[in-house]
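> Structure of the sequence below:
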Amino acid sequence: MEHYFNANEIDEEDQKRDIFLSVCGKNIYKLIRDLLAPAKPGTKSLADLTKLVKDHRDPVPSEIIQRFKFNSRTRHSDESVRTFIAALRSLTEHCNYGDTLNAMLRDRLVVGIKSDRIQRRLLAEPNLTFEKALEIATAMETAEKNAQDIQASGTNGTFQKQINKVSKSYTRNNSGNSKQGDCYRCGGNHLAAECRFKDAKCHSCKKKGHIAKKCRNKSANGNLSENHREFKSRFKPRAHFMEQDESSESENEVYSVFHFGNKSNEAYKVQINVNECEIAMEIDTGASVSIMSEDTYKEYKSKFRIEPTSAKLPNIYGRADSCNRTCNRQCQLQKGKRKITITDSEAKRSEFTWPRLVEQTPTGLEGYFLRRWK
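Predicted coordinates for the structure are as follows:
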């Protein structure tokens, strides 16, 4: 209000009071009238009216409470030094520190700064004044922020992670491998001494120091099954990795699946007597049911009583082969008799038997293979 009166060169006290009562609003005017009743607002001076409203709205707080709030105030983690000092000055309004105000502000700044580095620097300063403490704290805060900005801008862009897309599918690739580097252990573009496969065991020659893809003993690759080699040539798995420096080779070769085979690469078969019919069935360690081909079923269909089925058996390429019929029959293998379920398949393939059937024989599945290997 005083600025308005000075700007408009209003000096008379009665005129100041009347202007105030005209612009204060109906709520303030009603409050003044209620506080002065039965006296009239026009009988009081502007100073009396403003003091009346101020004492009613903002009574003088307790000096002890205000000093307690001041001495409990500390700098917040996201608060600058100058913002902290402004908050301290606001709390001293009703503390009545008088001539000791700067000393109290200095002490509160040192104690509540919440920074060990700045606090040690301030405590080491002899004859520390409030102005000097504020200057040191502000300078150290600014220097620390500038150093963080320089470090952040210097490291940004020099380190970048490479992220490749994750995919569960396989892509057909018959075009050969990409260009390899200089490492004789895995073919990567790095020194052999730094290769992570230097202690890996080759699945081909069983020696340490390289993986099967870079094995120089090519004759050992005969242990791979024909189906496995065909599958690897037609389907190449995508590399899924995230690296921080140079690209590394996929570990696909380290975890290649091998199976035991004899020299002639013939399938292991057993003679099973099913309803007085001798049927040669191949032992498939991955089979969950015993399977009979369409041709074999037509040859012995007079011996079996069949039932319809809608079962589908997936092959190694993910396609499902349909099955038409199923039957339960007594079979004899060596000296033991078991009841098995045989499924008739439309696929043109050999007969497969469930490995659990051979396991239940006197010698078991392990004994059968040991006899064949001798």
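> Check the secondary structure at the spatially closest residue to residue 279 that is not a sequence neighbour for me.
Nearest residue to residue 279 in three dimensions, chain neighbours excluded: residue 272, at 5.5 Å (Cβ to Cβ, 6 or more residues apart in numbering). Placement of C-beta: from N, CA and C, glycine included. Under DSSP: H, G, I helix; E, B strand; the rest coil, the three-state class of residue 272 is strand.
> In the stretch 101-250 of the chain, what residue spans correspond to helices?
Here the stretch 101-250 of the chain has its helices, by DSSP state H, counting those that start in this stretch, at 101-112, 116-123, 130-155, 226-234.
> And the contacts of the first one?
By Cβ atoms under 8 Å, 6 or more residues apart in numbering, the residues outside helix 101-112 that reach it are 70-71, 73-75, 81, 84-85, 88-89, 92, 95, 97, 119, 122-123, 128-131, 133-134, 137.
> and with 10 Å instead?
The contact list for helix 101-112, computed with Cβ atoms under 10 Å, 6 or more residues apart in numbering, reads 67, 70-76, 81, 84-85, 88-89, 91-92, 95, 97-98, 100, 118-119, 121-123, 125, 128-134, 136-137.
> Write the ChimeraX selection for whichever of these are buried.
Typed into ChimeraX, the line below selects the buried ones among the contacts of helix 101-112, using 16 or more other Cβ atoms under 10 Å:
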select :67,70,73,75,81,84,85,88,91,92,95,118,119,121,122,128,130,133,134,136,137
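> And the residue nearest to residue 279, how far from residue 289?
When distance is defined by Cβ to Cβ, to the nearest Å, residue 272 is 14 Å away from residue 289.
> for residue 10, same thing?
107 Å.
> quick one, which of those two is more surrounded?
residue 289 (17 against 14; other Cβ atoms under 10 Å).
> hmm, back to that, in JSON lines: the helices of the stretch 101-250 of the chain, plus mean pLDDT and distance to residue 40.
Formatted as JSON lines, those follow (pLDDT from 0 to 100; distance: least, Cβ to Cβ, whole Å):
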{"stretch": "helix 101-112", "mean pLDDT": "94", "distance to residue 40": "42"}
{"stretch": "helix 116-123", "mean pLDDT": "93", "distance to residue 40": "58"}
{"stretch": "helix 130-155", "mean pLDDT": "89", "distance to residue 40": "49"}
{"stretch": "helix 226-234", "mean pLDDT": "52", "distance to residue 40": "105"}
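> quick one, which of those helices is nearest to residue 184?
The closest of the helices of the stretch 101-250 of the chain to residue 184 is helix 226-234. By Cβ to Cβ, the value is 21.5 Å.
> Output the below-cut-off pLDDT ranges for the stretch 201-350 of the chain.
218-268, 275, 284-288, 301-306, 309-350 (pLDDT under 70).
> again, 50 this time
Scanning the stretch 201-350 of the chain for pLDDT under 50 picks out 219-223, 225, 227, 241, 243-258, 334, 347.
> Other residues contacting stretch 126-136?
Residues outside stretch 126-136 that contact it (Cβ under 10 Å, 6+ apart) are 81-82, 84-85, 101-110, 113, 118, 121-122, 124-125.
> right, I mislabeled it, should have said stretch 69-84
Contacts of stretch 69-84 (Cβ under 10 Å, 6+ apart): 61, 85-95, 97, 104-105, 107-109, 111-115, 118, 133-134, 136-142, 145.
> can you do 7 Å?
Here stretch 69-84 makes contact (Cβ atoms under 7 Å, 6 or more residues apart in numbering) with 87-88, 91-92, 95, 108, 112-114, 137-138, 141.
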